[in-house]
Structure formats: C-alpha cells, structure tokens
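Visitor: quick one, structure for this:
(chains A and B, ligands or ions: 2)
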Amino acid sequence: MSLVQLRATSHQGDGKVIQSQIATERVMAQPYAATRQAIEAQQVEKRFGSVLAVENASFTIEPGSFISIVGPSGCGKSTLLRMIAGLIPKTTGSLMVHGSEVTGPRGDVGVMFQKPTLLDWKTVIENVLLPTKLKGRVTDADRRRAVELLHLVGLQDFAHAFPRHLSGGMQQRVALARLLNVGTDILLLDEPFGALDEFTREHLNVELSRIVAEVNTTSVFVTHNIAEAIFLADKVFVMTPRPGRLAAIVDVPFEKPRDISLLLTPEFNALVARVRNIFATGKDL
Amino acid sequence: MTMDATFETSSSAPKARAMPSVGSVRIINHLLILTVVLGVWELASRMGWVDSLILPAPTAIAASFWQIAVVDRLMWWHFGVTLYESLVGFVVGSTIGIALAIAAALWEPFRRYSAPYIVGLQVTPRIALAPIVIAWLGFGTLPNIGIAALLCFFPPFLNTLTGLTAVDRDCLEMFRSLQAKKHQVFTQLMLPSAMPVIMAGLKTGMTMALIGAIVGEFISASEGMGVLMQRFTFALNMSGTFAVLLALTFMGLLLFAIMEWLDNRIVFWRHDARMLEITRRLNAKNKA
Ligand SMILES: Nc1ncnc2c1ncn2[C@@H]1O[C@H](COP(=O)(O)OP(=O)(O)OP(=O)(O)O)[C@@H](O)[C@H]1O
Ligand SMILES: [Mg+2]
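Guide: Ligands and ions are numbered 1, 2, ... in the order given. The predicted structure is shown next:
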C-alpha cells in the first residue's frame, strides 16, 4: 500500500513557476516487504481461443523501476499489460503484484490507455478527480491535490476547460494527471502517446520521465518505438510476435535523469542496434 | 511572397470588415423572397388563377387567423388541448421507451427475447394502431394521448438502446480499472455517453407525439386543433383551415424550441458556446 502525499506549493517570483512536490511513502506491512517485487510473473500464458497471444513469460519488476515493453504490432504487449492490470485473466502461470496473485482490477495498479478516455461532460479538473469521486466524496483536500497534479502536468490554466477544447497531447496529460490521482504505485502505460505527432510525443516522454521520477512509482510503458523504449527505461522487455514471446530483457545503463541529447550518443545507438538485432534473429547477442 | 500578400489582403481583411453586414444582407434577402412568394400567392388568388377553395389568399388566411385567434378566441382552447395531448403523450411515450431501452441495454436476455417483437412493432405502420387505441381508451383526450405516446415511443427507445450499447470500450475498461461499481458505470459513464443520442431521439419523439395527437383528433374527438381543422374544411372555410395549420406550425416551433433549449442545457458538452461559457464562469468563480 502506498500513500501519495502532495506537499504545499512554493510560489516563486510572480507565482508563475510553481513547483509541486509529491512524495510517495511506502507503508511496509510485512518485514520482508523490502525485498518484495512489484510485479512477478512465472510462466504466464494467454490464449484467445487458438491464438497464443503471450507465450510463457517470466520476469520480475523491481519497485520504483521503469520498464519499457517494446515489440511489433500484435506481439502481445497490450495483452500482457491487461493481464497485469487484472482486466483480463491469464490462461496459465502465476502473476503476482506486490506479492499477491492478480485476480481482477486492483487498487494498487493504475492503467493509462492509448486513447485519453476522458469524459467529455466533465471539466479537466473533474476528470482528474474521477477516481476520487468513484471512491466516495470529493473533499477540498482532494481538489487541492488535483490542482497540484495539473501543475505537475503543466495544465494549471486549463482546470475548468472541457476535454474537447484541448489538443490531443493536452488530453493525454489530463489522463496522466488522473492516473497519478489514483495514487497507485504501479503505473501501466499502454502507448499513451502513440497517437500523437513525433514532436509532442518526444516532449511528453521527457515530461513523463520527470514526473514518474518525482512521484517515485513503478512504471511499465508499452511502445513500438525502440529509441523511446530505451530512452525512458531502466530495463527494456523485447517481445517478438507469433506467438507473443518475451525474447530478451535488456538493461539500460544510462544515468538518470536523461537528456534528449542522449539519443545522439554512440552508446545509445549501439543499444538500439542490439534491440533491433533481437527482432531480426529472435535472440540477444 | 506577392502571392501571399495578395491572398492576405483579398481574403482575410475585407472578409473581417464585411462580417457584420453578411447577416443583415441575408435577413434582407429572406424578407425579399418571402415578400415575393406571398405577393405572387396573393396575386394568384385575387386574379382567380387558383380557386380560393383550394388555396386561399395570404390576406384571407391572416384575416381568418385574426378572427379565430383574437376576435372569437376560439382557437386557444383547442390549441391548449392539442398541446396538452402532445406533451403528456410525449412524456408517457418517451418514459416508457427510455425505461424499456435501459432494461434491454442492461439485461441481455431481455434484449434478446424482446428483439423480434420490437422489430415487428417497428415495421408495422403504427399509425394503423390508432383506431385500436381509440377502441380501447374510449373518447376524450385519453385515446389521443395514447396515440401520441404510441407514435412517440420508438425514437427515444431505439436511440437510448443504441446510445447505451455503443459506449466506448476503452472508457468502460478505464472505469473497470478504477474498480467502479456497476451503478457508477451506469450513472457516470453509460448514461452521460448516451445522452446526446437520447436527446436526438426525444426531439424526433416530440414531433411524432404532435402528429399522433392530431391524427387521434382527426379520427375521433370533440376538441383539439384536428377537430377544429376538420370543422373548417367541412364548412369549406379554407382560410380557417389554413389559419389552424399556421397555428400548428407555431405549436411545432414552440415544441422544437423547448427541445433545443433542453438540449443546450442537458448535453452542454455538445455545444461549444455553452462549454466556453461554463469554463468562463468557473474561472471567474475560482478567481474570486
Ligand atoms: N480480445 C481478444 N480476442 C481475441 N484475440 C485477441 C484479443 N486481444 C488480443 N488478441 C490477439 O492477441 C494478439 C496480441 O494482441 P495485443 O493487443 O496484445 O498486441 P499488441 O502487442 O498490443 O499490438 P499493438 O502494438 O498493435 O497494440 C493479437 O494476435 C491479437 O489478435
Ligand atoms: Mg496494444
């Protein structure tokens, strides 16, 4: 269980620059919890009828790490993510989140989809507050927290706008703020910026890495862009299609926070080449 | 460069200056066309090109209207009766329609087993049920309300069912991932998502209800605009008939305006101006 706390803002200068500080406190119930994995999969399989969507996936994801899942269309990335989220059941194997078997949607896992899935009839801030509203009454503290989150994603001036009056990139930021408002310590992101143009996507990726570092969560990020996967992650899960298979797990050694200039370094491009090679041969070097 | 410059001056700048006058030019054009049409119509009647028993002159219709509406005040009671029948029929028909649609949307067996009857009822010309409804409900306003409800029922029913079953899958999944309860999914996602389509169904239903009420009055009634209209036609008072028709047009406009007003309030997220207004108000409130 975690408790995401939002600290008071500090208005700097004319109040335009506002820093929000979000601290995640992990309340460890069990003594061995410190070594507990955020996500643990053992020989997880998923079949849709005769289609083997995910074949025999085994992996562990440490708390606080950022994992990218990369692979071509149809290799089972979304399926894997949806199983972790408890949205669809696995066929065989064991899948644990925070040490307990996943049986359905749960409070400690949040999902963000390719589409913003905002409610057109609610203002931006009310969309962010949706998870709170579904749990019960919305208090003033909840509202302040939502405003904080809007600061965090840079939409403080659009709190009362309606989703239809926002650009696609802004809508995804609202979806991200809503996801952060759920206060889960595991974020599952299924190509959240996939529908956006390359400039916006690159920009939002940098923003995303800043934000998840700030809120200190475990993140699983699905993409089919290799450079994007490597740039964001501590580890890249490479999946190959037909049947969907977790072909390799690649460690990304670069220091964080990362700058966009990393994309131009030979080390980075060597890693891109290595991942590409896995797709070509199905094996790691 | 030069191309750009000429483009700029020729298209955007004069357009911006001409903007306010476009509206008034249009209004003037509309009035001109209306005057010409009415003038030709009047002339045709006066010159005897058309029999005034077929098409009375506009001035004759206006005179009749004045007589019936203002001098005799004969029309208002009938106007009220028809309006009442339409509105009650609309409320009854659309309530039943929406309620059944909700049941069908939420309860799969009901949807499956009622589908053949729904289709059957849909392909039957429902106006043909009017005499049966009258046979069941007797005389007075009740059978007309019944026919109005019967005709009004389908559009709200079908639209509600379509709207509720066409909710975005990703949004449903999002609610599921947030562990929303079933009733929350319905009230916070399905119903609002379907609302624009439901409102469209209600608008059509309103028109149908008015048709139903008039048809009921044609078949058997002692009061209402349909009755008044028949009375004038039988007496070969065609200008009176047309005056009643004109009043019915006003009634239709009134009902249409009510529905548009409701649509603007209820599904405000489909109206940009309304959304901007709400945003502006909330921003102002939060500044204060
Ligand atoms: N609900 C379903 N029913 C049947 N088959 C499905 C279902 N969902 C996914 N599949 C199949 O499982 C396989 C993996 O699909 P999945 O959506 O996980 O791919 P993906 O890696 O996310 O692809 P993309 O990059 O295009 O989103 C595909 O072959 C797909 O056809
Ligand atoms: Mg996918």
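
Visitor: ok, residues contacting the helix or strand that contains A:T132?
Guide: Using DSSP states H and E, the element containing A:T132 is helix A:130-135. With contacts defined as Cβ atoms under 8 Å, 6 or more residues apart in numbering or on different chains, helix A:130-135 is touched by A:119, A:122, A:126, A:138, A:142, A:146, A:178, A:181-182, B:175, B:178-181, B:184, B:188. Glycine gets a C-beta too; all of them are placed from N, C-alpha and C.

Visitor: one more: stretch A:150-168?
Guide: Outside stretch A:150-168, the residues touching it (Cβ under 8 Å, 6+ apart) are A:9, A:18, A:20, A:22, A:116, A:118-125, A:127-128, A:146-147, A:170-171, A:173-174, A:176-177, A:180, A:195-196, A:200, A:207, A:211, A:214, B:269, B:272, B:275-276, B:278-279, B:282-283, B:286.

Visitor: so which of those residues are also by ligand 1?
Guide: Applying Cβ under 6 Å from any ligand atom, the subset of those adjacent to ligand 1 is empty.

Visitor: just the buried members of these?
Guide: Neighbour-count burial within the contacts of stretch A:150-168 applies to A:9, A:20, A:22, A:116, A:118-125, A:127-128, A:146-147, A:170-171, A:173-174, A:176-177, A:180, A:196, A:200, A:207, A:211, A:214, B:269, B:275, B:278-279, B:282; the criterion is 16 or more other Cβ atoms under 10 Å in any protein chain shown.

Visitor: what about B:G212, which SS state?
Guide: The three-state label given to B:G212 by DSSP: H, G, I helix; E, B strand; the rest coil is helix.

Visitor: pretty sure it is in contact with B:F154, am I right?
Guide: No - between B:G212 and B:F154 there is no contact under Cβ atoms under 8 Å: 11.3 Å.

Visitor: neighbour count for these two, which is higher?
Guide: Between B:G212 and B:F154, B:G212 has the larger neighbour count (other Cβ atoms under 10 Å in any protein chain shown), namely 30 against 20.

Visitor: distance check, that one against chain A.
Guide: 32 Å (Cβ to the nearest Cβ, to the nearest Å).

Visitor: in contact with B:T241, which residues?
Guide: Counting by Cβ under 8 Å, 6+ apart, B:T241 makes contact with B:M229, B:F232, B:T233.

Visitor: over to B:G201?
Guide: Residues near B:G201 by Cβ under 8 Å, 6+ apart: B:S94, B:G97, B:P155, B:P156, B:F157, B:L158, B:N159, B:T160.

Visitor: for B:F90, see how far away it is.
Guide: As judged by Cβ to Cβ, to the nearest Å, B:G201 and B:F90 stand 12 Å apart.

Visitor: show the pLDDT at residue 226.
Guide: You didn't pick a chain, so chain A it is. According to the prediction, A:I226 has pLDDT 92.

Visitor: chain B, not that one
Guide: pLDDT recorded at B:G226 is 93.

Visitor: my read is that B:L202 contacts B:F256, right?
Guide: No - using Cβ under 8 Å, B:L202 makes no contact with B:F256, being 11.7 Å away.

Visitor: who's more crowded, those two?
Guide: Taking neighbours as other Cβ under 10 Å, B:L202 and B:F256 compare with B:L202 leading, 23 against 14.

Visitor: quick check, the more buried one in a helix?
Guide: Yes - using three-state DSSP, the assignment for B:L202 is a helix.

Visitor: show me what contacts it?
Guide: B:S94, B:P155, B:P156, B:N159, B:M259, B:L262.

Visitor: let me have these in JSON lines, extended by secondary structure, neighbour count and pLDDT.
Guide: Formatted as JSON lines, these follow (DSSP: H, G, I helix; E, B strand; the rest coil; neighbours: other Cβ atoms under 10 Å in any protein chain shown; pLDDT from 0 to 100):
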{"residue": "B:S94", "secondary structure": "helix", "neighbour count": "26", "pLDDT": "97"}
{"residue": "B:P155", "secondary structure": "helix", "neighbour count": "22", "pLDDT": "94"}
{"residue": "B:P156", "secondary structure": "helix", "neighbour count": "30", "pLDDT": "96"}
{"residue": "B:N159", "secondary structure": "helix", "neighbour count": "25", "pLDDT": "95"}
{"residue": "B:M259", "secondary structure": "helix", "neighbour count": "19", "pLDDT": "94"}
{"residue": "B:L262", "secondary structure": "helix", "neighbour count": "14", "pLDDT": "94"}
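
Visitor: please, where are all the helices along the stretch 151-288 of chain B?
Guide: B:169-177, B:182-184, B:191-219, B:225-234, B:238-266, B:272-287 (DSSP state H, counting those that start in this stretch).

Visitor: should've said chain A
Guide: For chain A, the helices defined by DSSP state H occupy A:77-84, A:124-128, A:130-135, A:140-152, A:168-182, A:198-215, A:226-232, A:266-281.

Visitor: any chance of the ones you listed in TSV, with distance to A:L52 too?
Guide: TSV is the format used below for the helices of chain A (distance: least, Cβ to Cβ, whole Å):
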stretch	distance to A:L52
helix A:77-84	10
helix A:124-128	37
helix A:130-135	34
helix A:140-152	40
helix A:168-182	30
helix A:198-215	31
helix A:226-232	23
helix A:266-281	19
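
Visitor: list the contacts for B:R270?
Guide: Counting by Cβ under 8 Å, 6+ apart, the residues that B:R270 touches are B:P196, B:D263.

Visitor: quick check, pLDDT for it.
Guide: At B:R270, the pLDDT value in this model is 92.

Visitor: so how far is A:S68 from it?
Guide: Taken as Cβ to Cβ, the span from B:R270 to A:S68 is 38 Å.

Visitor: wait, isn't A:E267 in contact with A:E255?
Guide: No - here A:E267 lies out of contact with A:E255, judged by Cβ under 8 Å, at a distance of 11.3 Å.

Visitor: next one: the nearest residue to A:L150 once chain neighbours are set aside from A:P116, what distance?
Guide: Take A:L150 and drop its neighbours on the chain: the residue closest to it by Cβ to Cβ, 6 or more residues apart in numbering or on different chains is A:Q156, 4.9 Å away. Distance, A:Q156 to A:P116, using Cβ to Cβ: 18 Å.

Visitor: low pLDDT regions in the chain?
Guide: Using chain A. Within chain A, the ranges that satisfy pLDDT under 70 run A:1-35, A:285.

Visitor: nope, chain B
Guide: Ranges of chain B meeting pLDDT under 70: B:1-20.

Visitor: write out the residues of it neighbouring chain A.
Guide: Counting by Cβ under 8 Å from any Cβ of the partner chain, the positions of chain B adjacent to chain A are B:168, B:170-171, B:173-181, B:184, B:188-189, B:192, B:195, B:267-269, B:272, B:275-276, B:278-279, B:282-283, B:286.

Visitor: now with 6 Å, please.
Guide: B:170-171, B:173-174, B:176-180, B:184, B:192, B:269, B:275, B:279, B:282-283 (Cβ under 6 Å from any Cβ of the partner chain).

Visitor: what is the burial count for A:G74?
Guide: For A:G74, using other Cβ under 10 Å, the count is 13.

Visitor: tell me the contacts of it?
Guide: A:P241 (Cβ atoms under 6 Å, 6 or more residues apart in numbering or on different chains).

Visitor: and A:E228, by the same measure?
Guide: For A:E228, the contact set (Cβ under 6 Å, 6+ apart) comprises A:N205.

Visitor: how near is it to ligand 1?
Guide: 13 Å (Cβ to the nearest ligand atom, to the nearest Å).

Visitor: OK, now which residue of the stretch 151-288 of chain B is nearest to ligand 1?
Guide: B:R169 (10.2 Å; Cβ to the nearest ligand atom).

Visitor: how close does that residue get to A:L87?
Guide: 11 Å.

Visitor: between these two, who's got more neighbours?
Guide: A:L87 (20 against 11).

Visitor: need phi/psi at that one.
Guide: phi -80, psi -30 (degrees, to the nearest 10).

Visitor: hmm, stretch A:169-181 in reach of chain B?
Guide: No - Stretch A:169-181 stays clear of chain B (Cβ under 6 Å from any Cβ), getting no nearer than 8.7 Å.

Visitor: number of residues surrounding whichever residue of the stretch 1-150 of chain B sits closest to ligand 1?
Guide: Taking Cβ to the nearest ligand atom as the measure, the point where the stretch 1-150 of chain B comes nearest ligand 1 is B:E108, at 18.5 Å. Using other Cβ under 10 Å, the number of residues around B:E108 comes to 9.
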